[in-house]
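K.L.:
turn this into a structure:
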Amino acid sequence: MERVAVVTGAGTGIGAACAAALAASCTRLVLLGRRQDRLDATAEGLRSSAEGVRVDTRSVDVADVAAVQAFAEWAAADLDAIDVLVNNAGSPQPRINGGLDDVAAVWESTWRANTLSVVLMTEALKPMMRRPGGRIVIIGSFAAEMGTGSPAYASAKGALETYAVTLMRELGREGITSNVVSPGYTAGTELLEGRMTPERHERLVAGIAAGRAGTPEEIASAVAYLASPEAGFINGRVLTANGGTYLSA
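P.N.:
Down below sits the predicted model:
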């Protein structure tokens with residue numbers, strides 16, 4: 001039986017690492033993102049390293065209703081069922097430079113990119129999730145727990161934890177699990193590109209028991225476990241992968 005995984009934001013960083021990790025247990029991967037060139041590069045690497053795994057790419061803005069609907073229609077026509085949905089796509093909070101109008105615009109855009117995008121994709125694909133056995137995994141952030149960084153981003157990620165619980169209550173009896181992986185400071189992601197000064201890096205690492213930043217591959221390992229058949233009794237939970245972060249910065 002074909003085992004299908006859909007990964008959003010799969011062109012780089014944690015999303016690409018999740019796709020690579022899921023290639024060990026899935027026979028077909030569908031990689032979504034806004035930049036086709038990044039998706040194609042990731043897909044080519046997977047085709048070379050994961051023998052026998054079919055890899056499809058689709059350029060989709062997951063915060064756009066029409067784009068998500070179009071993808072859902074393609075998926076319904078091309079896929080029998082979806083075993084794993086990894087909602088990874090998101091973006092950092094823009095800087096607030098003005099008054100209340102700018103505050104509202106930044107909070108709305110951050111919520112759309114990090115919360116509504118997950119809701120749209122999940123709701124669109126929910127009818128296609130395998131019953132029983134479907135796995136929904138959402139990438140959250142330690143910012144939601146620690147209250148660090150940008151407040152709109154932290155709040156948007158915190159809302160995803162509540163959303164996972166509502167999915168658990170709705171879909172749990174059908175054999176579908178919904179969980180959040182909450183990464184801490186993870187190097188090698190576009191989320192921090194151009195935002196990580198040496199000084200900030202040192203502050204963050206000083207508050208991590210492991211004494212270093214995490215890697216996308218380590219976050220992907222947590223995702224792969226929650227996406228596995230063996231994780232069927234874990235539902236509505238947040239799995240924190242932050243190296244033992246105990247200080248905010």
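K.L.:
quick check: pLDDT value at residue 249.
P.N.:
Residue 249 carries a pLDDT score of 45 in this model.
K.L.:
check this structure for its longest helix and report it.
P.N.:
helix 151-171 (DSSP state H).
K.L.:
export stretch 58-77 as CSV, just CAs?
P.N.:
Provided in CSV are the C-alpha atoms of stretch 58-77 (Å, rounded to 0.1, in the frame of the first residue of the first chain):
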residue,chain,number,x,y,z
ARG,A,58,3.7,21.7,-6.2
SER,A,59,4.2,25.5,-6.0
VAL,A,60,1.5,26.6,-3.4
ASP,A,61,1.1,29.7,-1.2
VAL,A,62,-0.4,27.9,1.7
ALA,A,63,-1.8,31.2,3.1
ASP,A,64,-3.8,31.8,0.0
VAL,A,65,-7.3,30.3,-0.1
ALA,A,66,-7.5,29.8,-3.8
ALA,A,67,-4.1,28.2,-4.0
VAL,A,68,-4.8,25.8,-1.2
GLN,A,69,-8.2,24.9,-2.8
ALA,A,70,-6.5,24.2,-6.1
PHE,A,71,-4.0,21.9,-4.5
ALA,A,72,-6.7,20.1,-2.6
GLU,A,73,-8.5,19.4,-5.9
TRP,A,74,-5.3,18.1,-7.4
ALA,A,75,-4.6,15.9,-4.4
ALA,A,76,-8.2,14.5,-4.4
ALA,A,77,-7.7,13.5,-8.1
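K.L.:
and the contacts of it?
P.N.:
Contacts to stretch 58-77, defined as CB atoms under 8 Å, 6 or more residues apart in numbering, come from residues 6, 8-9, 30-36, 39, 82, 89, 112-113, 116-118, 120-121, 124-125, 128. In this view, the C-beta of every residue, glycine as well, is placed from N, C-alpha and C.
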